[in-house]
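# quick one, what's the 3D model for this:
(one chain, ligands or ions: 1)
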Amino acid sequence: MRQSSDNTSMGEAPAAHKDTLRSFITTLASFSGDLSALTCPSFLLSSVSLLEYSQYWGDHPKLFASISSGTTPEDRLLSCTRWFISTLYSSYSSRSTASGMEKKPYNPILGEQYFAQWTGDQETGDLFLKAEQVSHHPPIMAFHLENKTAGVILEGQCGQKSHFAMPAGINVSQTGHAIVTLPKFNETYLITLPTLHIRGIITGRPTLELAGSSYIISSVGHITTIEYSSKGFFSGERNHFEAILRPIEENEDPFYKAQGVWSKVSTLSTCNRNGNRAIGNEIGKSIKKDNKSNHLSTGQPFFDAQTDKAIPPELKPLDQMGPLESLKLWAPVTQAILNNDYNAASKEKSQIEEAQRALAKARKEKGQTQADDLKLFKFILFVCIEPMIVT
Ligand SMILES: CC(C)CCC[C@@H](C)[C@H]1CC[C@H]2[C@@H]3CC=C4C[C@@H](O)CC[C@]4(C)[C@H]3CC[C@]12C
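All right, here's what the predicted structure looks like:
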């Protein structure tokens with residue numbers, strides 16, 4: 001299914017798209033690395049702002065709130081890992097599941113904002129999201145999610161660096177990271193972001209694959225190592241991951257291991273921290289035989305993206321939004337795209353972009369940079385936190 005949809009779809013790109021697609025692929029080959037600067041054929045244009053993608057961090061509000069309900073640091077890392085895995089489906093699979101392909105979102109303007117909220121019950125509490133485009137060159141967005149009742153805060157920033165991959169793909173590495181803070185326990189969890197491969201451009205149906213690894217590092221000294229694979233490294237299944245939760249020190253045994261398909265079902269095994277040496281009986285030996293990782297219990301459900309569906313956030317009505325809020329700001333462009341009037345869309349878009357260039361020019365003349373404050377933020381992240389990441 002995975003392979004055949006890739007192979008057969010050459011014929012699926014509508015005839016009218018083929019010429020634009022061909023010239024798009026030519027531009028891709030000389031592409032600079034800044035995705036926001038990429039000019040796409042109109043059928044690859046999406047009608048949402050990239051800043052709106054920050055809502056995916058909050059779309060499993062119960063799992064987000066549950067991070068602070070674990071009684072031990074190990075269990076809190078487990079809840080944090082489960083919640084993180086739950087965000088992957090919407091972030092990287094939902095759009096192509098819904099419309100068959102990935103499209104290019106609007107490139108947010110500096111200072112663009114996005115606010116959203118998930119109203120919970122008394123027990124879960126409400127979750128609030130604030131996101132802002134804090135840099136335009138390079139594009140960086142910052143986000144803040146908070147559930148006061150549960151005592152869980154997520155803060156972070158992210159950007160993308162990309163390069164052309166033969167024969168006609170794009171590899172996107174994500175810069176930045178996210179940090180979960182649990183004030184009650186005085187703990188933080190630093191999260192790094194996976195690398196993406198954009199495939200299927202030749203066929204006119206770009207889709208995403210996750211690659212490489214990402215980490216969740218707790219201030220207590222534990223780490224989750226998540227490895228992503230597609231096309232059969234672990235199992236032959238698309239969107240596969242393997243997450244190992246263990247103390248950061250080398251040679252320490254893991255306490256949990258989760259694996260499966262992040263866009264579908266995954267399972268959890270609890271490991272015997274002292275290894276099977278502690279069991280020393282027939283059961284221990286037989287477990288050891290089929291499984292190198294000293295599992296005691298295997299196959300408990302971990303996360304199921306098909307049944308545990310993403311919850312869309314609540315947004316203010318358009319007429320109550322400020323002029324810099326994504327939906328309001330881009331409304332004329334969105335309207336034109338929805339009307340299939342791509343001329344009007346690009347006219348509206350250039351108006352917004354012209355205004356941005358004028359502002360940038362004015363800033364330059366006054367000797368201001370686009371975000372002086374961002375320097376401090378970056379200093380904290382890259383100088384103080386980045387070195388803590390062990391790979
Ligand atoms: C039509 C195609 C070739 C154009 C390129 C589209 C690019 C700009 C799109 C496709 C998929 C997108 C990514 C999908 C998901 C996320 C996770 C989110 O938390 C941050 C943004 C990020 C990382 C997006 C960045 C922009 C992205 C890479």
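# quick check: chain neighbours aside, which residue is closest to residue 48?
Closest residue in space to residue 48, ignoring its immediate chain neighbours: residue 105 at 5.3 Å, by Cβ to Cβ, 6 or more residues apart in numbering. All C-beta atoms are positioned from the backbone trio N, CA, C, and that covers glycine.
# measure that neighbour to residue 21 for me?
Distance of residue 105 to residue 21, given as Cβ to Cβ, to the nearest Å: 19 Å.
# equivalent analysis for residue 206, please.
11 Å.
# again with residue 37
Per Cβ to Cβ, residue 37 is found 19 Å from residue 21.
# residue 185 now?
Counting by Cβ to Cβ, the gap from residue 185 to residue 21 is 52 Å.
# check residue 148 too.
Distance from residue 148 to residue 21, by Cβ to Cβ: 48 Å.
# with neighbour numbers in mind, choose between these two.
residue 21 (21 against 12; other Cβ atoms under 10 Å).
# next up, the contacts around that one.
13, 41, 201-202, 204 (Cβ atoms under 8 Å, 6 or more residues apart in numbering).
# neighbours around residue 219, how many?
16.
# my guess is it contacts residue 182, does it?
No - if you go by Cβ atoms under 8 Å, residue 219 and residue 182 don't touch, sitting 9.4 Å apart.
# residues shared between the contacts of these two?
Contact criterion Cβ under 8 Å, 6+ apart; residues shared by residue 219 and residue 182: 188-189.
# backbone phi and psi for residue 255, please?
Backbone torsions of residue 255, given as degrees, to the nearest 10, read phi -100, psi -20.
# any idea how far the ligand is from it?
28 Å (Cβ to the nearest ligand atom, to the nearest Å).
# again, but for residue 180
Taking Cβ to the nearest ligand atom, one finds residue 180 at 15 Å from the ligand.
# partners of that residue in the sheet?
Residue 180 has the following beta-bridge partners by DSSP bridges: residue 154, residue 189.
# neighbours around it, how many?
By the measure other Cβ under 10 Å, the count of residues near residue 180 is 25.
# all helices of this protein, in order?
Assigned by DSSP state H, the helices in the chain fall at 2-8, 15-29, 61-66, 73-88, 94-99, 282-290, 326-329, 331-338, 342-365, 372-378.
# distance from the fifth one to the middle of the chain?
Translated: helix 94-99. Relative to its parent chain, helix 94-99 has a centroid offset of 15 Å by Cα atoms, centre = their mean, to the nearest Å.
# list the buried ones in it?
By neighbour count on 16 or more other Cβ atoms under 10 Å, the buried set for helix 94-99 is 94-96.
# try the longest one
Neighbour-count burial for helix 342-365 flags 345-346, 348-349, 352, 356, 360 (criterion: 16+ other Cβ under 10 Å).
# where does pLDDT dip in this protein?
Along the chain, segments meeting pLDDT under 70 span 1-14, 16, 231-236, 273-298, 370-391.
# quick check: residues of it near the ligand?
Counting by Cβ under 6 Å from any ligand atom, the residues of the chain close to the ligand are 35, 38, 40, 44, 50, 53, 56, 91-92, 102-104, 158, 160, 172, 174, 196, 198, 201, 206, 208.
# please repeat the previous calculation with a cut-off of 8 Å.
For the chain, the residues in contact with the ligand (Cβ under 8 Å from any ligand atom) are 24, 28, 35-36, 38, 40, 44, 50, 53-54, 56-57, 87, 91-92, 95, 101-105, 141, 158, 160, 162, 170, 172, 174, 193, 196, 198, 201, 206, 208.
# residue contacts, residue 185?
Residue 185 touches 68, 73, 76, counting by Cβ under 8 Å, 6+ apart.
# who wins for most neighbours among those residues?
If you count neighbours using other Cβ under 10 Å, the busiest of these is residue 76, which has 24 neighbours.
# quick check: residue 57 touching residue 145?
Yes - the pair residue 57 and residue 145 passes the contact test of Cβ under 8 Å, sitting 5.6 Å apart.
# in the stretch 201-350 of the chain, what residue is nearest the ligand?
In the stretch 201-350 of the chain, the residue that lies nearest the ligand is residue 206 (4.5 Å; Cβ to the nearest ligand atom).
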